[in-house]
Structures are given as structure tokens and as C-alpha cells.
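>>> Sequence and computational prediction follow.
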Protein chains: 2
Amino acid sequence: MISDKTVERLSLYRWLLETKVDKDTVSLFSHQIAAMACVSPAQLRRDLMTTGYSGSSTRGYSVKELAGSIAGVLDGNEPAKVALIGMGNLGRAIVSFLRGRRSRLKVVATFDTDSRKTGRVISGCRCYGQNRIEEIVTREQISVAVITVPSDVAQKVTDRLVNAGVTGILNYAPVPLRVPERVYLENRDVTTALEKVAYFARKSTEKE
Amino acid sequence: MISDKTVERLSLYRWLLETKVDKDTVSLFSHQIAAMACVSPAQLRRDLMTTGYSGSSTRGYSVKELAGSIAGVLDGNEPAKVALIGMGNLGRAIVSFLRGRRSRLKVVATFDTDSRKTGRVISGCRCYGQNRIEEIVTREQISVAVITVPSDVAQKVTDRLVNAGVTGILNYAPVPLRVPERVYLENRDVTTALEKVAYFARKSTEKE
DNA sequence: ATAGTGCTGTTACTTTTTTCACAGTACCTG
DNA sequence: CAGGTACTGTGAAAAAAGTAACAGCACTAT
Ligand SMILES: NC(=O)c1ccc[n+]([C@@H]2O[C@H](COP(=O)([O-])OP(=O)(O)OC[C@H]3O[C@@H](n4cnc5c(N)ncnc54)[C@H](O)[C@@H]3O)[C@@H](O)[C@H]2O)c1
Ligand SMILES: NC(=O)c1ccc[n+]([C@@H]2O[C@H](COP(=O)([O-])OP(=O)(O)OC[C@H]3O[C@@H](n4cnc5c(N)ncnc54)[C@H](O)[C@@H]3O)[C@@H](O)[C@H]2O)c1
């Protein structure tokens, strides 16, 4: 099983290869990719071991083949289907952002309680009533959910999603959610992140 | 020096103590706080060691004193000043969210290029022209910046912020930014996070 | 009082993650 | 074709993060 951190970096490498490399660059050395990703060359090579792909000592890694190899690890056979719950400020921003990038992740449904939002297509994606979560998640076989509802309903929404078969959750509500063992949960609380940054920012200025 | 992860958890503990505990609960045991935070009691106690605060073996930790003790570690003497650059969908969502919570972090200025946004007060915070970044960051002694500009200008904006004295950056643009050693950088790329969640979601369903 | 209880603080250990360092390899050069 | 070069892949070492275990304490109950 590939680790957390490695998966994250693989995703970054692929993105760099696909978007930040000249069309006419056919291959790169570990230190070049590592520099773009701000990691050490050793780290990069170690990460790539998990994909099974081998570069050549004289040419480095074929950009195209490497990207394909990473895709082989990260992606399933068909794009993962994603639902987003809570089309507020944040929810809309995320959906419209994800629409912009073509991606192996498809946001196929969004949900809200607000009747001004439901039944319409917002930011390019159909918004359903919150009561239809189970129905649509099950029907569409949605495996990943993004939670951008107010924090007091986040746990309830989560429980329903998990029940309906979701196995991965990206949570933006600032509460630690409780999920069963088998469900992968990633929290993205802004406040925590900012407090962390502020702490180290302060330490950095204090040092001088 | 306290680690990355520990700081993050301390921030979470404090938040739990301040918002998720009954007014009449005066003290809690490590396992109670740990359960709320979804960490092991040992982890919690270990984290608290860094604050120097000691609980009692029979009463546990005083909610109030512990929160104060964490604050002593995380916060400086006065609230850190924060700037946000790029008042687009995401930027506005974040600013209005931060306004909502009273906090030791004060968003004191936002910046944009769009003349429909500059010069006005948006989501409760003054929005300045992007050309005044250096002036205002220096004058207000802003130490933390949140970057929500399009990714092609993110590096340029970052360089200017760093130059003006910012020492902590929370980056939402999906590019790995380059900053000097002394500046703390935290990236919050949605795509990477989602791909990671999707990967583990798939692994979790495949296992069965 | 005294034995018993159930917690904390901390040390020692385990696991995970990162870095180091170098043998092995493919090419280039003269 | 021998020697040199600059890379890769990977085992081994180091560092970081997390877990377990337990001595010692503060209290309670008898
Ligand atoms: N704005 C941010 O940048 C930001 C940052 C971090 C975290 N958050 C968190 O993300 C969440 C959303 O933030 P926001 O600024 O978009 O708030 P918002 O109020 O604009 O959006 C919340 C949306 O969720 C919908 N909703 C409410 N209950 C629902 C339910 N049971 N099912 C489905 N939808 C429901 C509401 O109708 C609304 O559209 C909040 O928990 C907030 O704390 C926001
Ligand atoms: N929308 C999301 O949820 C989301 C998620 C992840 C990452 N991002 C990234 O965050 C950034 C912003 O996303 P968004 O959806 O808010 O886009 P947006 O286009 O709505 O907002 C960008 C804002 O930045 C301003 N801007 C442009 N150049 C600037 C400059 N040099 N200085 C100051 N301001 C400038 C623009 O005027 C605009 O208001 C993008 O990089 C996007 O990729 C967005």
C-alpha cells in the first residue's frame, strides 16, 4: 500500500509533467522534476519506485511514459465520481474550479437544502435537493464526496453519505468528522491551517 | 521547536475546548479530549507536554487553563495580521468565513487587480489595488498572507509579499511556490487533495 | 490510616518517512 | 574499446512521528 504522502506527491509530479513541461521536452532527470516539485531527487526516485516505472540513467524519465505510469497507479479504470454537498460560497468556488480543469475526477452531482439552488444547474453541475443524497449517490455509484455545508450539519450529512456508499471524503467544514475505519477522510480546515502558518510565521520573525 | 503536526493538533484541541465543551464542564480527562479530536490519549498528552501545562490525575485538565496554555504557545502577544490576495470566488468565501469566527487572526487587508473590487469593502474587509501590496504589508506589519490569485501570477505575488516582509503563506493556487528558507509555506491544492481522497476511496472499495 | 483506583507525565520502544550513499548501467569520447 | 561521466534504483542509516507502558501521584472508600 502506497502512503498518504507519496500519493500526494505523485499527483503533483503528474500535474507538473502534464502542464509545466514544454511540448518538445521528451525526457527529464530526477533532479529536474524534483526541483519543480520542491522535493529532493532521492525523494522523487523513491516515490517513483512505487509506480514500477524505470528511467534510464542517460536520458532520465520519459515525460509521457512516466505520467502514464503514475496514472496507472492513481487512477482507476474509469474516472472517480464526485459529489459536493453544500453549494454555498465555498462549494460554488470549488465546483467551478474543478469544472475548469479537465480531470479524471468528475463532479457528477451537487446537493443543497436551499430551494433557490436545487433543481438548477450551478457552475455547470446539476444541484439536487439534499433529501436525494442517498438515491443519487447510490444510483450514480459516487465514491467521493466534498463537504462544504455548515459545520453543525456536517456529521449528519457525512453519515448519510457513508451509508449510501461513499468511501472517500474531503471535508471543509471545521469539525472533526467521525467515519468508519474503511472510509478515507481528509480535513481541510482553514482556521487550523492559518493558525499553523501564523505560528511558524511568528517563530520565523522571532528568531532574528 | 514544536512540530508541524503538533501545532495543527493543538489548534484543534483549543478549538474543541472553546466551542465543543459545555459551559459547566470545568475539566476533562485526556481520553475525553482525545476522543473529540479523534486521536489517541497518548498522542494528546504528548502534544500537551509542549505547552508545559499539567493536568491533575484525578480531575484531568482544566478546560479554561488548558485553552489558555495552548494559546500561550500558539498566539503571539497581539493577533497576527493577515492579508488575502485575490478576491475571486475563493478569496471572498475565505474572507467572509474568517470574519464569521472571532479569532486571534485578523484579516486586515485584501488585494485584487480588478477595479470593480478595489477601493471597496468586500466581505467586511477593505480591498486594495494589487499595486499597493508592498506599501500596506509593510505599513501594517502583516506577517501572514493567503494566496487565492490565478496560478499564473501566484509566484509573482508571492515574491512581492516575501519581499515586503511576509513570513507565512497559505497558498490555494495549484502551483508549488518557491519561497526562501525562512518563510513558512503551506499549500492547499484542491486537486491534489481530491486525487488523494479518490485514490484511497478506490483502494477501500477494491479491497472487498 | 491504608489499600485501591484511575489518572498524568514521561521514557522507551515501534513504525513510518526521509535522506544518504553507492553499486550498477548506459552512453559518450578519444 | 578502455576510461570517464552522470545518471538510476535501492539497501541501509537517520530522523520524525506515533504508541505503549509504567512509575508516581491525588484522591476515595473502607
Ligand atoms: N468559506 C470558506 O472559505 C470556508 C472555509 C473553510 C470552511 N468553511 C466551511 O465550509 C462550510 C461552507 O462555507 P460557506 O462559506 O460556503 O457557507 P455557506 O453558508 O455559503 O454555504 C453553506 C451551504 O450549505 C447548504 N446547506 C445547509 N444545510 C445543508 C444540508 N443539510 N444539506 C445540504 N446543503 C446544506 C446551504 O444552503 C448553503 O448553500 C462551512 O462549514 C464553513 O465553516 C468555509
Ligand atoms: N475556486 C476554488 O475553490 C479553488 C480551489 C483551489 C484553488 N483555487 C485557485 O485559487 C485561485 C483563485 O480561484 P478563484 O476561483 O477564486 O478564481 P477567480 O478568478 O474568481 O479569482 C481570482 C481573483 O484574483 C484576482 N487577481 C488576478 N491577478 C491578480 C494579481 N496580480 N493581484 C491580485 N489579484 C489578482 C482577480 O481579479 C480575481 O478576482 C486560482 O489559482 C484557483 O486555481 C481555487
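Nice, I can see it. Ligands and ions are numbered 1, 2, ... in the order given.
>>> And the longest helix that chain A contains, what's buried?
Longest helix in chain A, counting residues (DSSP state H): helix A:190-207. Judged by neighbour count (16 or more other Cβ atoms under 10 Å in any protein chain shown), helix A:190-207 contains these buried residues: A:190-205. In short, each C-beta sits where N, CA and C put it, glycine included.
>>> Count the neighbours of residue A:128 for me.
A count of neighbours around residue A:128, defined by other Cβ atoms under 10 Å in any protein chain shown, yields 20.
>>> in the sheet, who's paired with the nearest residue to it once chain neighbours are set aside?
Spatial nearest neighbour of residue A:128, chain neighbours left out: residue A:111 (5.2 Å); criterion: Cβ to Cβ, 6 or more residues apart in numbering or on different chains. Taking DSSP bridges as the rule, residue A:111 bridges to residue A:85, residue A:128.
>>> my read: residue A:111 touches residue A:134, true?
No - taking Cβ atoms under 8 Å as the definition, residue A:111 is not a contact partner of residue A:134, at 10.6 Å.
>>> neighbour-wise, which of those two wins?
Comparing residue A:111 with residue A:134 by neighbour count (other Cβ under 10 Å), the higher total belongs to residue A:111, at 27 against 13.
>>> how close does that one get to residue A:164?
Distance from residue A:111 to residue A:164, counting by Cβ to Cβ, to the nearest Å: 11 Å.
>>> hey, what's in contact with both of those two?
Residues within reach of residue A:111 and of residue A:164 at once, by Cβ atoms under 8 Å, 6 or more residues apart in numbering or on different chains, are residue A:133.
>>> roughly how far apart are residue A:175 and residue A:56?
49 Å.
>>> Look at these two and report which has more neighbours.
Between residue A:175 and residue A:56, residue A:175 has the larger neighbour count (other Cβ under 10 Å), namely 22 against 10.
>>> what are the phi and psi values for that one?
Per-residue torsions, residue A:175: phi -140, psi 140 (degrees, to the nearest 10).
>>> What sits closest to it if chain neighbours are left out?
Residue A:175 sits nearest to residue A:151 (Cβ to Cβ, 6+ apart), 4.6 Å away.
>>> Who are the contact partners of the one you found?
Residue A:151 makes contact with A:173, A:174, A:175, according to Cβ under 8 Å, 6+ apart.
>>> thought residue A:133 was touching residue A:162?
No - in this structure residue A:133 lies outside contact range of residue A:162 using Cβ under 8 Å: 10.9 Å.
>>> what's the spacing between residue A:66 and residue B:189?
From residue A:66 to residue B:189 the distance is 20 Å (Cβ to Cβ).
>>> Compare those two (neighbour count), which wins?
Applying other Cβ under 10 Å to residue A:66 and residue B:189 shows that residue A:66 carries more neighbours, namely 22 against 19.
>>> Now the residue positioned nearest the centre of chain A: which helix or strand?
Residue closest to the average C-alpha location in chain A (Cα atoms, centre = their mean): residue A:170, at 7.6 Å. Residue A:170 is part of strand A:168-171, with elements assigned from DSSP states H and E.
>>> what does residue A:114 give?
Using DSSP H and E, residue A:114 sits in no helix or strand.
>>> Next: residue A:83.
strand A:80-85.
>>> quick one: pLDDT of residue A:103?
Turning to residue A:103, the model gives it a pLDDT of 75.
>>> again but with residue A:125, I slipped
At residue A:125, pLDDT is 94.
>>> That one against residue A:112, yeah?
No - here residue A:125 does not reach residue A:112: they are 11.4 Å apart, not a contact under Cβ under 8 Å.
>>> And chain A, split by domain according to the record?
A:4-75, A:80-192 (automatic domain parsing).
>>> As JSON lines, these with distance to residue B:44 would be great.
Output for the domains of chain A, formatted as JSON lines (distance: least, Cβ to Cβ, whole Å):
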{"stretch": "domain A:4-75", "distance to residue B:44": "21"}
{"stretch": "domain A:80-192", "distance to residue B:44": "13"}
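>>> looking at those domains, which is buried most?
Mean neighbour count (mean count of other Cβ atoms under 10 Å in any protein chain shown) peaks for domain A:80-192 among the domains of chain A, with a mean of 19.
>>> coming back round to it: quick check: the residue nearest to the centre of chain A vs residue B:53, distance?
For residue A:170 relative to residue B:53 (Cβ to Cβ), the value is 33 Å.
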